[in-house]
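1. Here is a sequence together with a model predicted from it:
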Amino acid sequence: MSTAAAESNPREVRVIGIGTGSPAHVTGQAIAALRECDVFLVADKGEVKDELVAVRRLICEEFLDDGTYRIVTVTDPERGPDAERDRTAYRTGVDAWHAARADRYAEIIESLPTGETVGFLVWGDPAFYDSTIRIVDAVARRLPLRTQVIAGLSAIQVLAAEHGIVLNGIGQPVHITTGRRLLGEWSPELGTVVVMLDGALRCRELVERGPELTIHWGAYLGLPQQVLRVGPLADVIDELVELRTQLRDEHGWVMDTYALTPPSLA
């Protein structure tokens, strides 16, 4: 196909939020988008995270007819030791990882038959701490794409629902951040703080600064092995650190999220 023809017929791409593991999380809009796709590109992150690929396969099997789609696993580029990097090195490493991912996806998409629609199955919601939209945008700078994003249930929503809590006080904010930024950003005036990507449970260092904080924590949200804990941060943090280590040893990976709530919301 000529360049002009390709630009007038961009590849259709669907970035689909699938919730946090349960087929019950998949919305009607997401199911409709799944059925538009001919091939799904899924990052292969190694044996320890095979379960995340398996859940994506299960969702396809739940909603799609056999023979109507293909799943192509794409070996994920190596990503450095984020916890050991300062902010500048971390950003540089993530940018390089995104670029390498985009290169691999672009190569595969270019090789697909004309007219096939490509799907990306995004854990949770594509808008919250996920790189897929940015990577697809990078692919679109290499070849013409027409992209639609479908929202999904995020870990933030599922965490709140599973604990049966309202995250915000009346007329009050909710602050969403990462473990890397938590200690520098936290103050009592923030209200509830939802923390993602915190493998080190940095909230442990807030015990003295926020002695009245309550933590609502959840791991493997939406999956059969879901684990929840709640309590005063000072009372439960040591248990959570130990539990998180045990879960990682048992499953090979941990995906967890937590909310720190002030006394008025605990």
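-> Arrived safely, thanks for sending.

2. quick one: low-confidence ranges for the stretch 151-266 of the chain?
-> 265-266 (pLDDT under 70).

3. mind listing the helices for it?
-> Taking DSSP state H, counting those that start in this stretch as the test, the helices found in the stretch 151-266 of the chain are 155-163, 179-185, 233-251.

4. same deal with the stretch 1-150 of the chain?
-> Counting by DSSP H, counting those that start in this stretch, the stretch 1-150 of the chain has helices at residues 3-8, 28-34, 50-63, 87-111, 132-140.

5. Return the most buried member of those.
-> Highest mean neighbour count among these (mean count of other C-beta atoms under 10 Å): helix 132-140, with a mean of 19. In this view, the C-beta of every residue, glycine as well, is placed from N, C-alpha and C.

6. Contacts for that one next, please.
-> 13, 15, 98-99, 101-102, 105-106, 109, 120, 122, 126-127, 145, 147, 149 (C-beta atoms under 8 Å, 6 or more residues apart in numbering).

7. what's the lowest-pLDDT member of those?
-> Ranked by pLDDT, the contacts of helix 132-140 bottom out at His98 (84).

8. That one: what's it in contact with?
-> Ser131, Arg134, Ile135, Ala138.

9. wait, what's in contact with the first one?
-> By C-beta under 8 Å, 6+ apart, the residues touching Ser131 are Val94, His98, Arg101.

10. Going by distance to Arg202, which of those wins?
-> Set against Arg202, the nearest of these by C-beta to C-beta is Val94 (18.6 Å).

11. Now the phi/psi pair for Met255, please.
-> phi -120, psi 110 (degrees, to the nearest 10).

12. Let me know how buried it is, in neighbour terms.
-> 23 (other C-beta atoms under 10 Å).

13. residues in contact with stretch 32-45?
-> 12, 14, 16, 26, 52-53, 56, 59-60, 63-64, 68-76, 101, 105, 108-109, 112, 116-121, 148, 150.

14. Report the contact partners of the residue lying closest to Leu228 once chain neighbours are set aside.
-> With sequence-adjacent residues excluded and distances taken as C-beta to C-beta, 6 or more residues apart in numbering, Leu228 is closest to Gly218, at 4.9 Å. Contacts of Gly218 were listed using C-beta under 8 Å, 6+ apart, and they are Ala155, Val158, Leu159, Glu162, His163, Gln226, Val227, Leu228, Arg229, Asp256, Thr257, Tyr258.

15. Same question for Pro263.
-> Glu212, Thr214.

16. go with 7 Å
-> Pro263 is in contact with Glu212, counting by C-beta atoms under 7 Å, 6 or more residues apart in numbering.

17. mind checking how far it is from Gln148?
-> 43 Å (C-beta to C-beta, to the nearest Å).

18. Output the below-cut-off pLDDT ranges for the stretch 1-150 of the chain.
-> 1-8, 46-49, 79-88, 90.

19. Mind doing that once more with 80?
-> Applying pLDDT under 80 to the stretch 1-150 of the chain flags the ranges 1-8, 45-50, 77-95.

20. Tell me how many other residues crowd the residue nearest to Tyr258 when sequence neighbours are not counted.
-> Spatial nearest neighbour of Tyr258, chain neighbours left out: Trp217 (4.0 Å); criterion: C-beta to C-beta, 6+ apart. Residue crowding around Trp217 was assessed by other C-beta under 10 Å; the count is 26.
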